[in-house]
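S.K.: Fold the following for me, if possible:
(chains A, B, C and D, ligands or ions: 4)
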Amino acid sequence: MTSTVNEAAAAVQAEPVQLLTPDGERRTDHPLAASVADIDDHALARLYRDMVLVRRIDAEGVALQRQGQLGLWAPAEGQEAIQTAMVRACNDDDFFFTSYRELGVLVARGAEPAQLVLGWRGEVFGTFDPHDLHVATPQIIIGAQTLHAVGYAMGVQRDGGDQVAVACFGDGATSQGDVNEAMVFAASFGAPVVFVCSNNQWAISEPVGLQAHRPLADRAPGFGIPSLRVDGNDVLACTAAMRWALERARSGEGPAYIEAVTYRLGPHTTSDDPTRYRTAEEVALWRTRDPLLRVAALLRGRGLLEQADAEADAAAAEFTAGMRRAAVGATTRPPLAILDHVYAEPHTGLDRQREQFAAYLAGFDEEAGA
Amino acid sequence: MTSTVNEAAAAVQAEPVQLLTPDGERRTDHPLAASVADIDDHALARLYRDMVLVRRIDAEGVALQRQGQLGLWAPAEGQEAIQTAMVRACNDDDFFFTSYRELGVLVARGAEPAQLVLGWRGEVFGTFDPHDLHVATPQIIIGAQTLHAVGYAMGVQRDGGDQVAVACFGDGATSQGDVNEAMVFAASFGAPVVFVCSNNQWAISEPVGLQAHRPLADRAPGFGIPSLRVDGNDVLACTAAMRWALERARSGEGPAYIEAVTYRLGPHTTSDDPTRYRTAEEVALWRTRDPLLRVAALLRGRGLLEQADAEADAAAAEFTAGMRRAAVGATTRPPLAILDHVYAEPHTGLDRQREQFAAYLAGFDEEAGA
Amino acid sequence: MTELTMGKALNAGLARALADDDRVVVMGEDIGTLGGVFRITDGLQSRFGAQRVVDTPLAESAIVGTAVGLAFRGFRPVVEIQFDGFVYPAFDQIVCQVAKLHYRTRGAVRMPITIRIPWAGGVGAAEHHSESPEAYFVHTAGLRVVAVSNPQDAYTMLRQAIASDDPVVFFEPKRLYHAKGEVDLDADIADAAPMGVARVARPGTDVTLVTYGAQVQVALDAATAAEDEGVSIEVIDLRSLSPVDYRTVTASVRATGRLVVAHEAAREAGVGAEIVASIAEQCFEYLEAAPQRVTGFDIPYPPAKLERHHLPDLDRMLDAVDRVLGRGHRAEVDA
Amino acid sequence: MTELTMGKALNAGLARALADDDRVVVMGEDIGTLGGVFRITDGLQSRFGAQRVVDTPLAESAIVGTAVGLAFRGFRPVVEIQFDGFVYPAFDQIVCQVAKLHYRTRGAVRMPITIRIPWAGGVGAAEHHSESPEAYFVHTAGLRVVAVSNPQDAYTMLRQAIASDDPVVFFEPKRLYHAKGEVDLDADIADAAPMGVARVARPGTDVTLVTYGAQVQVALDAATAAEDEGVSIEVIDLRSLSPVDYRTVTASVRATGRLVVAHEAAREAGVGAEIVASIAEQCFEYLEAAPQRVTGFDIPYPPAKLERHHLPDLDRMLDAVDRVLGRGHRAEVDA
Ligand SMILES: Cc1ncc(C[n+]2csc(CCOP(=O)(O)OP(=O)(O)O)c2C)c(N)n1
Ligand SMILES: Cc1ncc(C[n+]2csc(CCOP(=O)(O)OP(=O)(O)O)c2C)c(N)n1
Ligand SMILES: [Mg+2]
Ligand SMILES: [Mg+2]
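M.R.: Ligands and ions are numbered 1, 2, ... in the order given. Predicted structure coming up:
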């Protein structure tokens, strides 16, 4: 029977690709290592600063939430490597379609402090123009954005651009119909899209083992999409994987899939209590695999850490101060603003509601005046 | 890179499993052959009669539609082998969740003539009690039934039965989110369900190559579900595959997936004009692979064909006469019947509509009487 | 003016939109080689190519979801849902993405997506092929919803829908696909009545009968029949279900004092409920009798052989007209 | 009687249903180990085991679709949709399967499925976490739809919903999860008011104010405030949105002659439209003024900091009461 039955190719890739060990050693023996050979110590220091900045911003987000300045925050702690590598491997106009947790994507794309807090504060939904950052408004409906990425890539095929769309989603999202349909469409049309699944081991309280009994990267090949499983806490492996995928996509070879094996060190959101579903030991184990620590170890060995830390500290201090100012100083839009931008063109029904609501609100002013 | 990148296991199974050649030769060299060694010539003759019966019933359905007795018919011609084998390999109380095209499943489960025509005639939706035939009302929403099959199998896991649920769907259906979610749930819970994809090469006008660039059987392993790709026009190969899958499922090893490579010889439905999207040559080629011809060839060689044909003719004549009687003699239910069975328990809103509709209808009678 | 069936008028509208704007992309199941199961897209793929007229894999959520992505990239996707009953797998993408992205991004991203839906019953079809889901979309802020009733509107309003920077759910009554009418193929869509405006299909003085889609013809027939009995019915073809052109409807009701609303869809929280409620609110002092609804029952769409009992017909419309005139000779039928 | 929060009352109702009938299976995302993001299923998995209280993979269509399969096998699934805004991926399974299977099989297959939905706004949540999708389900024949407003109803009606042989969409106003009330845990569900019956939450004589869910408390507060101004408001808690208990509503409107309907959901083709339309039809001659709706605007649910402007509040309810009494001192607010 074994010669007949299809089982997933079990042994192709037992371990996630790793190019930088938790001890900070670069692995040059791996076939993918060549593709990141150009990333020298100084380039690594830049990636390190990017990642530290994300971590600090994340911590500030949590702090602002705890202080009541934000309604909610979805921590990215532990996932800085894949998030940073993804963007740094891309061209500036490659377009990202992310979930709510890809803070690092926004930071690497140059989002302003206010743009990182006003959404979680509940002032607005989209805080930036997606066409400025080339990032879609972060998606809350699990998996929905993967179809948008594929559609965007289909658009690139039609207008002759050379951009690639990047679809970012979590391990839990792989169970959604939309994510699977996205793979079907991407494969069918050979669309230039890169799927990046950040497998952080948990979908709120559900371990990845509930979604799948096999590595998530195994899913894509059956759809005709080649995949790579990488250590998502290894910024070099993540970069190598992205370069491989982007190169394929940009040269017309179609979609590719990356599973970045990582870990959510914090709670699902600031509303979550992870002690209800996972052990302190598990978290402690993953802390030893922290994506920052291993780059720091390497830089320390090269004598570059102190300066990198100093630069990151300075940047973070400025950025987080900006976040705080943006949160504390935020002014909530006036009531009538809730009726804006429902439609792009005039709408008689809503225009009438606006008029009546305005008159209603004016009634209060009159009362107050009288 | 090849050592790292996951591609679908290309060479595991290049050709669909075949145990009976188009010339009517039994192949005994194949590892799966042993599992159908018990199917002797007489058993094959029985399978042949089943298949011929399905073909005749199908032809009668088309004829009745052409004569205006039925609103529509979805021909099964060419797919009799997998449809018959599926049921014959099962226990009577294994539960089928099928699409509209699995005529052979209904026939093998002993549906009455009226039950095959009254639905297509537009008299009722469900023509039989699913608990009688252990077949759910054929599903029209593409792929939706696969989730029902998985849920049913989850029920079996909970009440300790030994039944298996069988999910039947087409090549087009593999693109639907529901079918992929069904695989996720089945794998996650190790549910006793068998997925049978009848890849008849077409989803209305769309060739299977639009849904996937790889064999459909490759999809399942990535979900953790082993699969087999079989010649769906080979009733022995289909039986062997079903036995393999049922055995696994019944012994608690979880779901399995079968892709039956077959062909829809007729139009999608009687409303369809397949000459708009496929060539006569293609159809002619597949006619040489007709699932009935190869069993007939074998039986002819054994001197059993004449009797098998005579028996099938007799059974078909009786059955199709019954279909005709059922169609021609059908009485449409009274208008008020449309309000029945919306709810299982009394419903004040609908009760009121029923009362008023009854009074309205009575008004006509009065008018007519007056 | 050219005489065309509604199907051909829609085909002409799509061809014109594809020719005028190369950002228009038409997508759906079986719409390319086959030209759609209703042949609405017949010939378009060979004329405009497979990049612009796209046969997609069989997944409605993906069809709409990739249309959203195309819109992000600046395209104007026109998607076909093969039958009304197959729109539900795409419901999440329609409600949470198509309808909300412009709001979510405060105008930075537009969703000029047209979702064409062959729609409603009366054609003897199988289960799920005769649904009237329009109320779901009317209840969804951020969408525009229109329903056409004749070839000219089909041609013009489809082009207007595609030209609109807002998403439009476009309902095509499939039982009228073969109905013929004069179509001015050269008219400028800017000169034509905007798609948000209702049309007085027949003026009248005693009762206002509001409807849309295939029911417009039934209403006109009812008006003709009523005329023989000396009752003058004003028939309003809504055309746009969201927003509703209340200016036209209230003007009529203020004149007649009596309102009947008809549609095939189920009654509970349907479009008729909205019209009756809005008119009760806006024209209370003008109403001389309780408004009446003539609708499908609150049941799943019934089997083909019984569908005529479910669908509003001339008798049921006239019965409601009688009731709103206070001369109901039959028991109240609808509540 | 025991004092419980609504959340705990729901937990008790689920526990009781699980204990009474081993065909009850509770399924959803994060409902097992975590006890649900709102802790409604807290402790149930450890008490009843992982076969009966099931953490599912993250896919709503599959949650509902497998519940359908379980119902085929004779089970009574109770599924949790984590938040109102995440029900849409399951819409197809709900509308085409859950709602229609009993009809499709002419009663041979029952769908005793309860779909619990933490529901509506007012809790300062992120996008998609404050939706009021009830009208979609009310418009869908074959479903029953209920909305609870207090711990006792939460406990009793949840048990009734699970015991019902019909599918029930069960709305739980999340902003009341922590609200407390007395609950009789021993009452027989057969003795309690059936879930299809409305409740006069406060009797009154001048205006009938119909609402449901979290808005019931707002309406009661409005009634108290109005009393000071000499206006007596009768507050009706609908409890069941489909079917609506029109006996109770019409009795009240016949007495008061004035109707206000309030809900958080958007106005167009919402539940309020249905109530106003039905009352306009059934109580026309009793109505002394145009009925009024107080609803969310026809917009996507707005960001948290602005949600209070979207939600009906005491002022907007009183404003509508003033209008229906003909003493509107502010401009009409809702149309
Ligand atoms: C359609 C839908 N269902 C449920 C939710 C609720 N929800 C929010 S996050 C989440 C878990 C997502 O897990 P994963 O995809 O692994 O991403 P992660 O949060 O770990 O980054 C769930 C269930 C949602 N947002 N959307
Ligand atoms: C959700 C949904 N979308 C579209 C359709 C229309 N439709 C009916 S059959 C069909 C093709 C199905 O192809 P396949 O799954 O290969 O099955 P086959 O008809 O070949 O047996 C389509 C698109 C449908 N019934 N349901
Ligand atoms: Mg995760
Ligand atoms: Mg097929």
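S.K.: so what's C:G257 up against?
M.R.: For C:G257, the contacting residues are C:286-289, by C-beta atoms under 8 Å, 6 or more residues apart in numbering or on different chains. Where you see a C-beta, it was placed from the backbone N, CA and C, and this is true even at glycine.
S.K.: of these, buried ones?
M.R.: By neighbour count, with 16 or more other C-beta atoms under 10 Å in any protein chain shown, the contacts of C:G257 hold C:287, C:289 as buried.
S.K.: Can you narrow the contacts of C:G257 down to the ones near chain A?
M.R.: When C-beta under 8 Å from any C-beta of the partner chain is applied, no member of the contacts of C:G257 is adjacent to chain A.
S.K.: Kindly reformat the contacts of C:G257 as a markdown table containing distance to A:R56 and secondary structure.
M.R.: Formatted as a markdown table, the contacts of C:G257 follow (distance: C-beta to C-beta, whole Å; DSSP: H, G, I helix; E, B strand; the rest coil):
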| residue | distance to A:R56 | secondary structure |
| --- | --- | --- |
| C:Y286 | 66 | helix |
| C:L287 | 65 | coil |
| C:E288 | 71 | coil |
| C:A289 | 70 | coil |
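S.K.: How about the residues of the stretch 251-370 of chain A by chain C?
M.R.: For the stretch 251-370 of chain A, the residues in contact with chain C (C-beta under 8 Å from any C-beta) are A:340-345, A:347-350, A:352.
S.K.: Around the nearest residue to A:T348 once chain neighbours are set aside, how many other residues sit close by?
M.R.: Excluding its sequence neighbours, the residue lying closest to A:T348 (C-beta to C-beta, 6 or more residues apart in numbering or on different chains) is C:P243, at 4.7 Å. Per other C-beta atoms under 10 Å in any protein chain shown, the neighbour tally for C:P243 reads 20.
S.K.: C:T205 contacts C:E227, correct?
M.R.: No: using C-beta atoms under 8 Å, C:T205 is not in contact with C:E227; the gap is 11.2 Å.
S.K.: ok, back up a step: need phi/psi at the residue nearest to A:T348.
M.R.: phi -80, psi 160 (degrees, to the nearest 10).
S.K.: For the nearest residue to C:E285 once chain neighbours are set aside, what is the enclosing helix or strand?
M.R.: Nearest-residue entry for C:E285: D:A290, 7.8 Å, with adjacent residues in sequence omitted and distances by C-beta to C-beta, 6+ apart. Assessed by DSSP states H and E, D:A290 sits outside every helix and strand.
S.K.: and stretch C:212-223, which residues are buried?
M.R.: Buried residues in stretch C:212-223, defined by neighbour count with 16+ other C-beta under 10 Å: C:212-220, C:222-223.
S.K.: Return the subset of those lying in helices.
M.R.: Cross-referencing the buried residues of stretch C:212-223 against helices under DSSP state H gives C:215-220, C:222-223.
S.K.: Would you format these as CSV with pLDDT and distance to B:L53 included?
M.R.: Shown next, in CSV, are those (pLDDT from 0 to 100; distance: C-beta to C-beta, whole Å):
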residue, pLDDT, distance to B:L53
C:Q215, 98, 45
C:V216, 98, 49
C:Q217, 98, 46
C:V218, 98, 45
C:A219, 98, 50
C:L220, 98, 51
C:A222, 98, 51
C:A223, 98, 55
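S.K.: near ligand 3 too, which of those residues?
M.R.: When those are checked against ligand 3 using C-beta under 5 Å from the ion, none falls in range.
S.K.: Identify, by residue count, the longest helix of chain A.
M.R.: Ranked by residue count, the top helix of chain A under DSSP H comes out as helix A:41-66.
S.K.: and that helix, what does it pack onto?
M.R.: Packing partners of helix A:41-66 (3 or more C-beta pairs under 8 Å, 6 or more residues apart in numbering or on different chains; DSSP states H and E): helix A:80-88, helix A:103-108, helix A:113-121, helix A:235-250, helix A:291-302, helix A:305-328.
S.K.: Of the buried residues of stretch C:212-223, which pair is most distant in space?
M.R.: In terms of C-beta to C-beta, the buried residues of stretch C:212-223 reach their longest pairwise distance at C:G213 and C:A223, which sit 16.5 Å apart.
S.K.: and the residue in the stretch 251-370 of chain A that ligand 3 sits nearest to, how many neighbours?
M.R.: For the stretch 251-370 of chain A, the nearest residue to ligand 3 under the criterion C-beta to the ion is A:R264, separated by 6.3 Å. A:R264 has 26 neighbouring residues, counting by other C-beta under 10 Å.
S.K.: With the one 10 residues further on instead?
M.R.: The burial count assigned to A:P274 is 19, neighbours taken as other C-beta under 10 Å.
S.K.: Contact partners for it?
M.R.: A:202, A:205, A:266-268, A:283.
S.K.: ok, now with 10 Å
M.R.: A:202, A:204-205, A:264-268, A:280, A:282-283, D:34 (C-beta atoms under 10 Å, 6 or more residues apart in numbering or on different chains).
S.K.: Need those in TSV (columns: pLDDT).
M.R.: Output for the contacts of A:P274, formatted as TSV (pLDDT from 0 to 100):
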residue	pLDDT
A:W202	98
A:I204	98
A:S205	98
A:R264	98
A:L265	98
A:G266	98
A:P267	98
A:H268	98
A:A280	98
A:E282	98
A:V283	98
D:L34	98
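S.K.: Show me chain C divided up by domain.
M.R.: Per automatic domain parsing, the domain ranges recorded for chain C read C:2-183, C:199-324.
S.K.: among those, which is nearest A:Y257?
M.R.: For these, proximity to A:Y257 was assessed by C-beta to C-beta; domain C:2-183 is nearest, at 16.5 Å.
S.K.: check contacts around the residue of the stretch 251-370 of chain A closest to ligand 3.
M.R.: Residues in contact with A:R264 (C-beta under 10 Å, 6+ apart) are A:74-79, A:101, A:170-171, A:198, A:200-204, A:272, A:274, A:278, A:283, A:286.
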